[in-house]
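Q: Build me a structure from this.
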Amino acid sequence: MAYPSWVPAGVVQMSSAVIQELDRELADLDAKLKTGRLSGRERFNAASRHRQLIEERERVERLTHDPRMGEVYGLLEGFDDEEWRLFFYAALSARVDFQSIRDQVEKARHLSREIAKTAEKLSELIKELEGLRFGVPYEMRSTHALLKRSENSCPVDSHEWRRLRLYLLEQLPESDDDVRHAWESAPCVTDLLNALAGAAKEFKPRPRVAAAAVRSRKRGYKAELIRSFAETLTKYCGFPLTHRLMRAMAITLTVLYIDDPKGDEEVSYEHVREATAGFQPIEWSKNPIPPPTGGGTTDGL
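A: Residues are numbered from 1 along each chain as shown. Have a look, this model is predicted:
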């Protein structure tokens with residue numbers, strides 16, 4: 001694919017790599033669809049994915065062929081290849097399913113509350129069983145005994161775990177060092193359950209994608225899109241949210257997502273400025289690019 005001369009080399013490299021990967025997946029889907037061996041549901045999913053890939057490919061091409069992007073590359077002149085690759089990635093990843101993320105956050109809150117209730121209830125049941133004075137399994141009381149009986153399913157070195165388990169747990173009865181005393185004074189299982197309940201109550205879900213957009217009270221597709229883009233650029237790519245960058249963001253989002261069902265109007269500098277008010281932009285140069293004429297206030301410019 002030929003690229004205009006004004007497209008930075010880093011963007012050309014990133015675009016070529018992404019398009020190559022999209023074309024590979026498209027070819028695989030085309031081959032599967034042509035076999036006629038897919039079930040109705042599989043064929044529907046494959047066709048839906050095929051449309052998504054075509055749309056994604058068109059967006060990638062806009063970043064390198066839409067004339068409006070020339071202004072973006074001018075605004076951010078001085079970026080090196082790696083910075084351009086990061087900007088390119090952030091632009092393409094700005095659009096996510098915000099409602100789906102909110103649903104998952106709410107589910108995480110619900111599960112954490114259920115874990116807290118269950119841990120507290122289990123602690124109460126163990127104490128109630130002890131109160132009957134018929135004895136309880138030692139593992140319900142002793143942290144040491146519980147760990148000794150446990151297997152480790154976490155992704156750790158199993159050989160190292162077995163070695164440390166033998167040292168810490170199996171040899172303790174014959175040991176009179178500080179380790180033994182530490183185990184003897186360790187919290188009991190019910191204490192651990194209460195601590196688990198407390199941690200679950202304090203838990204606050206932190207989505208790894210578009211967290212700023214999900215937390216924001218400034219709802220609406222456009223505001224969420226802007227904040228998602230801003231968060232990736234600042235938090236994950238390390239860019240200062242300057243006035244030049246905000247202007248570049250507005251143009252880029254318009255180029256990429258203006259044809260979305262919910263993206264029915266241009267994203268302006270003012271839209272970006274308002275949606276990212278909490279990010280506190282800083283000056284990048286002594287001569288920042290002002291907002292468009294008639295675009296509202298010029299505070300701080």
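Q: So which residues of the protein form helices?
A: Along the chain, the segments classed as helices by DSSP state H run 9-35, 40-65, 69-75, 81-92, 98-131, 143-149, 158-165, 178-184, 189-202, 211-215, 221-231, 243-257, 269-275.
Q: so which of these gets nearest Ala2?
A: helix 40-65 (9.3 Å; CB to CB). Quick note: C-beta positions are derived from backbone N, CA and C, even for glycine.
Q: so how far is the closest one off the chain centroid?
A: Relative to the mean C-alpha coordinate of its chain, helix 40-65 is positioned 22 Å out (CA atoms, centre = their mean, to the nearest Å).
Q: closest one to Cys237 among the helices of the chain?
A: Closest to Cys237 of the helices of the chain is helix 81-92 (CB to CB; 4.1 Å).
Q: list the buried ones in the closest one?
A: If you call a residue buried by 16 or more other CB atoms under 10 Å, then helix 81-92 has these buried ones: 83-92.
Q: Could you do stretch 236-243 as well?
A: Residues of stretch 236-243 classed as buried under the neighbour-count rule (16+ other CB under 10 Å) are 239, 241-243.
Q: One more: stretch 195-204?
A: Residues 196-197, 200 are the ones in stretch 195-204 that count as buried (16+ other CB under 10 Å).
Q: Contacts for it, please.
A: Residues from elsewhere that reach stretch 195-204, judged by CB atoms under 8 Å, 6 or more residues apart in numbering: 108, 112-113, 115-117, 119-120, 123, 187.
Q: Number of residues surrounding His271?
A: Applying other CB atoms under 10 Å, we find 22 other residues in the vicinity of His271.
Q: give me phi/psi at Leu76?
A: phi -100, psi 30 (degrees, to the nearest 10).
Q: I meant Arg141, not that one.
A: Note on Arg141: its backbone torsions stand at phi -120, psi -50 [degrees, to the nearest 10].
Q: my guess is it contacts Leu192, does it?
A: No - Arg141 lies out of contact with Leu192 (CB atoms under 8 Å); the separation is 10.9 Å.
Q: for the closest residue to Thr190 other than its chain neighbours, what are its contacts?
A: In space, Thr190 comes closest to Ser123 once its chain neighbours are excluded; the distance is 4.4 Å by CB to CB, 6 or more residues apart in numbering. When contacts are counted by CB under 8 Å, 6+ apart, Ser123 touches 190, 193-194, 197.
Q: now the helices of the chain in CSV, with distance to Ala2?
A: Formatted as CSV, the helices of the chain follow (distance: least, CB to CB, whole Å):
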stretch, distance to Ala2
helix 9-35, 10
helix 40-65, 9
helix 69-75, 15
helix 81-92, 18
helix 98-131, 36
helix 143-149, 64
helix 158-165, 54
helix 178-184, 69
helix 189-202, 56
helix 211-215, 36
helix 221-231, 28
helix 243-257, 19
helix 269-275, 31
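Q: worst average pLDDT in those helices?
A: When those are compared by mean pLDDT, helix 211-215 comes last with a mean of 45.
Q: Before I go, just wanted to say thanks for your time.
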